[in-house]
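S.K.: Sharing a model that was predicted from the sequence below.
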Amino acid sequence: MIRQLFRFKGGIHPPQHKDRSTRSPIQAAWLPKQLILPLHQHIGESGEPIVAVGDHVLKGQKIARASGYVSASVHASSSGTITAIEELPIPHPSGLSASCIVIDTDGEDRWIEHGPEDIPYTEMDVSHLRNLIRTSGIVGLGGAGFPSSIKLNPAGSKIDTLILNGVECEPYITCDDMLMRERPENIIAGAKIMRHALNARQCLIAIEDNKPEAYTAMIEACKDEDIEVVQVPTLYPQGSEKQLIKVLTGKECPSNGLPFQIGIVVHNVGTAAAVHNAINLGEPLISRIVTVTGDGVAEPCNLEVLLGTPMQALLDQCGGLNSDVDRIIMGGPMMGFAMHSTEIPVIKTTNCILAATESNVTAPSDVMPCIRCGACADVCPVDLLPQQLQWYARSKEFERAQEHNLFDCIECGCCAYVCPSNIPLVHYYRYAKTEIWAQEREKEKADIARQRHEFRQSRIEREKAEKAARLAKKKAAVKKPADGEKDDKQAAIQAALDRAKAKKEAQGVEPKNIENMTPAQQKQIDDANARRQQTDTSEQES
Amino acid sequence: MIKLNTPSSPHFHGPSTVTTVMLKVMLALLPGILIYAWMFGWGVIINIVLASITALATEALMLRMRQRPVMMYLFDGSALVTAMLLALALPPLAPWWLVVIGSAFAIIFAKHLYGGLGFNPFNPAMVGYVMLLISFPREMTSWLAPLSLGEQNLSLGQSLSFVFSGSLPAGLSLDALTMATPLDSLKTELGLNKAMQEITASPIFGMLGGTGWEWINIAFLAGGLWLIHKKIISWHVPIAMLGSLALISFLFFIIKPGAYASPLFHLFSGGAILGAFFIATDPVSGATTPKGRLYFGAGVGVLTYIIRSWGGYPDAVAFSVLLMNMAAPTIDYYTRPRVFGHGGGN
């Protein structure tokens, strides 16, 4: 039976450049002298260190625990001594530093005692199974790094389809391709565990038709399994979760929703293999396959890399950096980001290190004005109007940009790729998004500040009233009852005046309707102001 | 230590540039231009050369005055496309100043005073054309007869001499060279209450449209289809414009064939084909959403028919395009596509 496939709108066919890194099998990366393990290698809260400087750790030993529901733990990827827990540069578009645990490896690469649970996963409580995956530190290895255990928790939704994403639509990247070619059985084993956890009716594995070897290997491995391997026509950005769901099922995941709401869960094939390692072997996530490619290195290949290995070590292993390298990109050329240094470590989401020379990437050239040709709208996989969004971003009309669904943009870069005017469109959208987030944060802060101010005002007002009341009582005690009554009245008036004044200050209210007043009205106001002045002065004196 | 660049993604860019887009448009115009020149003589080529030189010179001048990088914009091809489209809309034997004024006006007033490339709300070539049509109606309506029909054909030297000094070879008058265009003569003669069959029996009417014109239009059609194939333009505007023009002319034609021309005549006369593929598809001044382009094209087609049939001018593509240019931003606003994952899908 041939599955009916659907199409998402738009998409592009950039040059692939995949064959250069698939010529040799996956090799193990050298054990580096030092491992730098950031506490934040995923979407969500940073992990919390549970080791101290000076501790000796074993390979696979947990060194940081998840600090919230959306978080992931970190394990030592080799044995050695913790030499520092400090801020170091991490893979981030802005070249940020963040907390990292540094391990000086001892060269023994000695495992901590580990192994699968005594009972098979099919007999485990599903929540226990999920917890095992969680404590193994597994996050989505496709690039986003969302903690996988959460995506294996349907939270009451009935899951119809588990999709394994072997699309790998970005140019240059081949780590999933090689994994599918060489270790299809690991992927299948992981898929079965995931399917069990989700109780999914069917399981599909999607592979683009530019990876025939991987497709054949997966078909072979699925011979006796109730898993369907689906070949999909190559089209960027098909590897994007929602686009892939559309292609395989024809369903559109709602804009603000998640796939499980329409009964679908998508996991990367690499994640499935990691789940297999965790459950069937008891090994936490401590390594991943990384494509090292581009004309900037002599021998492009795929390496199985211990997490925390500095990228420079991988570049060295691939023959070293050529001097004409222009930029080092983590990820692919469409969505990856260029890094500031090569001393940055490989993390859970590092699928590719692209050492690009000028000929591998597009040199910056003159940006022309938008001619509204609409080529961007034709290729947008989300059906936005990129040309309009660009205008709104440039003119800082952020509300209009949001009205035009700016936040549905997945930053795939198709629009910028086809733009004849060479406008860095995605850059404008990122800018607009950041500005809008900043404005929202400002607004939140302002709201909090206003609430605090109002609270303070009401407190001052209350204290004044209490003080006035006490004063009145005191006076009443020494004066005649009749006078006391009058004083009470005055104190009450005073308190009311104070309240009004405080309220006015709090709200910043200006007098209204002050134009076109008759002389009589003006006189009344002046008199009132004079009286008020008097009371203020007398208050200061008292 | 190697210096690493850190621009933001995407790091890839496709081969398309503004210049390649404009070059392809010019290339697509070429067959039509050649057949036009074949049918109407050297004047066509002289017009194009004059318009191009004027457009480039005014473009350079305006860029300088606006302190923009001259070399970057001058050869982006946009001024040349404007010049070619304007030249193709002018009578094939026009005095030089007509071409120069039109091109200069188009570049200065319709393009640069609005902010240059990408910022003009109206199609510059059509603004230049309409300005000339309103200001110099006599010069703008003296059309040469196609070479196959005219009694005399001018050589290159004779054409140049007329363009620059207004002098014709001895014994030849302008009246002998010019004749009404098919659309023009249709309008005049229908006004005289002549029957359609009687009018179209004249030799200026050919199989489809006017004699000579039909071949030019077929060549423009071929160029336009190539542009669609190359994805330089989308099919929406041409199909909507020609479709609506054909539909509305068909309706009137079957109601009263004696008083209204056939759909084929409307499609293959005047600027319909050139307008549909090359003028109404101008991205800068037109609608940009797919649905919006359909409305835009249909609007141009219907307005063309209305002005041709009941308006004061024989052809109407320029006016229709300019009128629809005004509506383009509104059309775009109300025809935004449904965004992925926003209801109505599946």
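M.R.: That came through, no problem.
S.K.: tell me which parts of the stretch 151-300 of chain A are close to chain B?
M.R.: Proximity of the stretch 151-300 of chain A to chain B (Cβ under 8 Å from any Cβ of the partner chain) is limited to residues A:171, A:242, A:246, A:250-255, A:257. Backbone N, C-alpha and C define where each C-beta goes, glycine included.
S.K.: again, 10 Å this time
M.R.: Contact residues, the stretch 151-300 of chain A versus chain B (Cβ under 10 Å from any Cβ of the partner chain): A:170-172, A:236, A:242-243, A:246, A:249-257, A:262, A:296.
S.K.: Show the buried residues in those.
M.R.: A:170-172, A:236, A:242-243, A:246, A:249, A:251-255, A:262, A:296 (16 or more other Cβ atoms under 10 Å in any protein chain shown).
S.K.: Least confident of the residues you listed?
M.R.: pLDDT is lowest at A:S255 among those; the value there is 89.
S.K.: got the contact list for that one?
M.R.: For A:S255, the contacting residues are A:242, A:382, A:405, A:407-408, B:339-343, B:345, by Cβ atoms under 10 Å, 6 or more residues apart in numbering or on different chains.
S.K.: hang on, the earlier thing: so which of the buried ones among the residues of the stretch 151-300 of chain A next to chain B sit within helices?
M.R.: A:242-243, A:246, A:249 (DSSP state H).
S.K.: If we only consider these, which is nearest to chain B?
M.R.: A:K242 (6.6 Å; Cβ to the nearest Cβ).
S.K.: For the closest residue to the closest one other than its chain neighbours, give me its contacts.
M.R.: Spatial nearest neighbour of A:K242, excluding adjacent residues (Cβ to Cβ, 6 or more residues apart in numbering or on different chains): A:C253 at 4.5 Å. Taking Cβ under 10 Å, 6+ apart as the contact definition, A:C253 lies against A:241-243, A:245-246, A:259-262, A:264, A:266, B:340-341, B:345.
S.K.: Dump the helix or strand hosting B:S161 to CSV, keeping only the CA atoms.
M.R.: According to DSSP states H and E, B:S161 maps onto helix B:156-165. Provided in CSV are the C-alpha atoms of helix B:156-165 (Å, rounded to 0.1, in the frame of the first residue of the first chain):
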residue,chain,number,x,y,z
LEU,B,156,16.8,53.7,-41.0
GLY,B,157,18.2,57.0,-42.3
GLN,B,158,14.8,58.3,-43.3
SER,B,159,13.3,57.3,-39.9
LEU,B,160,16.1,59.0,-38.0
SER,B,161,15.7,62.1,-40.1
PHE,B,162,12.0,62.2,-39.3
VAL,B,163,12.5,61.5,-35.6
PHE,B,164,15.0,64.3,-35.1
SER,B,165,14.0,66.9,-37.7
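S.K.: which strands and helices sit next to that helix?
M.R.: The criterion is 3 or more Cβ pairs under 10 Å, 6 or more residues apart in numbering or on different chains; DSSP states H and E, and the helices and strands that helix B:156-165 contacts are helix B:43-65, helix B:96-105.
S.K.: would TSV of those with mean pLDDT be doable?
M.R.: What follows is the helices and strands packed on helix B:156-165, written out as TSV (pLDDT from 0 to 100):
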stretch	mean pLDDT
helix B:43-65	95
helix B:96-105	96
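S.K.: Using TSV, lay out those helices together with mean neighbour count.
M.R.: As requested, the helices and strands packed on helix B:156-165 are arranged in TSV below (neighbours: other Cβ atoms under 10 Å in any protein chain shown):
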stretch	mean neighbour count
helix B:43-65	21
helix B:96-105	22
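S.K.: of the ones you listed, which approaches chain A most closely?
M.R.: helix B:43-65 (12.6 Å).
S.K.: can you tell if the following helix or strand past that closest one touches chain A?
M.R.: The C-terminal neighbour of helix B:43-65 among helices and strands, as given by DSSP H and E, is helix B:70-74. Yes. On the criterion Cβ under 10 Å from any Cβ, helix B:70-74 is in touch with chain A at B:71-73.
S.K.: Now flag whichever of these is closest to A:A76.
M.R.: Taking Cβ to Cβ as the measure, A:A76 lies nearest B:M72 of the residues of helix B:70-74 next to chain A, at 55.0 Å.
S.K.: thinking that closest one is in contact with A:D366, fair?
M.R.: Yes. Using Cβ atoms under 10 Å, B:M72 is in contact with A:D366, at 5.4 Å.
S.K.: Out of the buried ones among the residues of the stretch 151-300 of chain A next to chain B, name the ones that lie in strands.
M.R.: Within those, no residue falls in strands by DSSP state E.
S.K.: Determine whether any part of the helix or strand encompassing A:S458 lies close to chain B.
M.R.: A:S458 belongs to helix A:425-478 when assigned by DSSP H and E. Yes. Judged by Cβ under 10 Å from any Cβ, helix A:425-478 and chain B are in contact via A:425-427, A:430-431.
S.K.: quick one: low-confidence parts of the chain?
M.R.: Because you didn't say which chain, this covers chain A. Applying pLDDT under 70 to chain A flags the ranges A:1, A:363-364, A:479-487, A:504-517, A:534-542.
S.K.: Let me rephrase: I mean chain B.
M.R.: Judged by pLDDT under 70, the stretches of chain B that qualify are B:1-2, B:147-152, B:174-177, B:179-180, B:192, B:195-211, B:344-346.
S.K.: the domain parsing of it - what is it?
M.R.: Listed by automatic domain parsing, the domain ranges of chain B are B:17-178, B:185-335.
S.K.: Please produce a markdown table containing those, extended by distance to A:G107.
M.R.: As requested, the domains of chain B are exported to a markdown table (distance: least, Cβ to Cβ, whole Å):
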| stretch | distance to A:G107 |
| --- | --- |
| domain B:17-178 | 54 |
| domain B:185-335 | 58 |
